[in-house]
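Participant: predicted model and sequence below, questions to follow.
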Amino acid sequence: MNNRKIGISIIGCGSAAPQNQLSNQHLSQIVETSDEWISSRTGMKTRHISNETESLSQLSAIAAQNALTMAGMAASDVDLIILATSTPDDLFGSGSKVQHLMGATKAVAFDLTAACSGFVFALITAAQYIRTGMYHNVVVIGSDLLSRWVDWSDRTTCVLFGDGAGAVVCQGTTGGDRLLAGALYSDGSLNDCLNLAYQSQSQSLVEDITVQSGTYQPITMNGREVYRFAVAKVPEVIEKAMFQAGITSEDIDWLLLHQANQRIMDAVAQRLKLPQEKVLSKIAQYGNTSAASIPLTLDAAVREGKVKPGDIIAASGFGAGLTWSSAIFRWGQF
Ligand code: ACO
């Protein structure tokens, strides 16, 4: 079972977004804000918002199918599906539903929750299964519908988030490892900075016994604190991965960060001495789509012909937990 010569190649990507778009102008009709404030502070212009007929499972399955088509692989060839999400259709997990919608009858599927770091956490997790030889073809999906959990009267958060899904197909290979390095971190002492927290309501059952039957509360975030954290930790975790991979920033073709704020992306690029042209960004069109933002942005860049086979990509996710992560990989088939 343990074959250390098995490496990973990432051979397909895909994405999907809901049809409806909510622009900065729309938002200025809902809360006291403006296109000028949102664009200059975040780089966002519009975001996609799901309607009642669009589920997380459906969008995830479409993104995965698109990735499989690019990879030239049938759904029946998939061994494992990891769905990174914080907003499943079902709190028990949506991975199995996605597996069914894809028709990936042979695959086992499960959810992984690490908020905006979810996709990178799932990619590194997939790599462990592939390198040990347990699974060969793995679909990693990052998908979130945070619009379900936004307080639409809170201008400090409701302008930031959008919905979407992105996916990649990873395959085991004995021709070298294209996932060059990865690093994952958590710091729960900063947990209060960003929450979608359960709030219980006591309900008395019988004498002396109560149950806590509540619900989840909308997203709350200390934006300034998370901003400071991201600008400090993201360059550090990418530098660690570069060291592990034996490369310098000059070797990096593309910087692919979680799309939380254009200013964060620019600051990280500057710290790593990477020119602006190497920063992949789709934040203007999609806003912050949480676990979807990295694969969605990758997919757009690949389909635009920007990212080419063999290019080295430094990806980093960060967010609630707090969590932060990086993965350095070469894009495409051998
Ligand atoms: N429109 C107009 N004014 C606003 C808005 C708005 N939408 N939101 C806040 N303001 C006001 C504030 O009230 C404040 O006013 P004051 O100075 O009178 O108090 C002023 O604008 C500045 O507020 P800041 O919070 O300092 O604005 P900042 O420049 O920090 O931008 C932002 C806020 C965009 C949230 C930024 O802090 C940020 O991007 N933080 C990081 C977010 C992030 O990375 N999240 C992680 C991923 S998400 C996840 O894991 C689910």
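Facilitator: It's in.

Participant: quick check: Ile313 touching Ser326?
Facilitator: No. In this structure Ile313 lies outside contact range of Ser326 using CB atoms under 8 Å: 10.6 Å. Just so you know, the C-beta spots here come from the backbone N, C-alpha and C atoms, and that holds for glycine as well.

Participant: which one's more surrounded, the two?
Facilitator: In this view Ile313 and Ser326 are compared by other CB atoms under 10 Å, and Ser326 has more residues nearby, 31 against 22.

Participant: quick one: average pLDDT of the helix or strand harbouring the more buried one?
Facilitator: Ser326 belongs to strand 323-330 when elements are defined using DSSP states H and E. The pLDDT scores in strand 323-330 average 98.

Participant: equivalent analysis for stretch 286-306, please.
Facilitator: Here the average pLDDT along stretch 286-306 is 98.

Participant: off-centre distance for that stretch?
Facilitator: Distance of stretch 286-306 from its chain centroid, counting by CA atoms, centre = their mean, to the nearest Å, is 9 Å.

Participant: distance of Asp144 relative to Gly72?
Facilitator: 28 Å (CB to CB, to the nearest Å).

Participant: got it, and Val108?
Facilitator: 22 Å.

Participant: looking at these two, which one has more neighbours?
Facilitator: Under the criterion of other CB under 10 Å, the comparison of Val108 against Gly72 puts Val108 first, with 15 against 11.

Participant: doesn't Val78 make contact with that one?
Facilitator: No. Checked against CB under 8 Å, the pair Val108 and Val78 is beyond contact range at 9.5 Å.

Participant: how many neighbouring residues does the nearest residue to Ser200 once chain neighbours are set aside have?
Facilitator: Once flanking residues are discounted, Ser200 sits nearest to Gln212: 3.5 Å by CB to CB, 6 or more residues apart in numbering. Neighbours of Gln212 under the rule other CB under 10 Å: 10.

Participant: show me what contacts Gln212?
Facilitator: Contacts for Gln212 were tallied using CB atoms under 8 Å, 6 or more residues apart in numbering; they are 200-203.

Participant: interface residues of the protein facing the ligand?
Facilitator: When proximity is defined as CB under 6 Å from any ligand atom, the chain approaches the ligand at 33, 37-38, 41-42, 115-116, 155-156, 159, 194, 223-224, 226-227, 230, 260-261, 264, 288, 290, 319-320.

Participant: derive a ChimeraX selection command for the buried subset of the residues you listed.
Facilitator: To isolate the buried members of the residues of the chain next to the ligand in ChimeraX, using 16 or more other CB atoms under 10 Å:
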select :33,38,42,115,116,155,159,194,223,226,227,230,260,261,264,288,290,319,320
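
Participant: quick revisit: any chance of the contacts of Gln212 in CSV, plus neighbour count and secondary structure?
Facilitator: Shown next, in CSV, are those (neighbours: other CB atoms under 10 Å; DSSP: H, G, I helix; E, B strand; the rest coil):
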residue, neighbour count, secondary structure
Ser200, 11, coil
Gln201, 10, coil
Ser202, 10, strand
Gln203, 10, strand
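
Participant: give me the three-state assignment for Ala167.
Facilitator: When classified by DSSP: H, G, I helix; E, B strand; the rest coil, Ala167 comes out as strand.

Participant: show me the contacts for it.
Facilitator: Counting by CB under 8 Å, 6+ apart, Ala167 makes contact with 13-15, 60, 63-64, 66-67, 139-142, 295.
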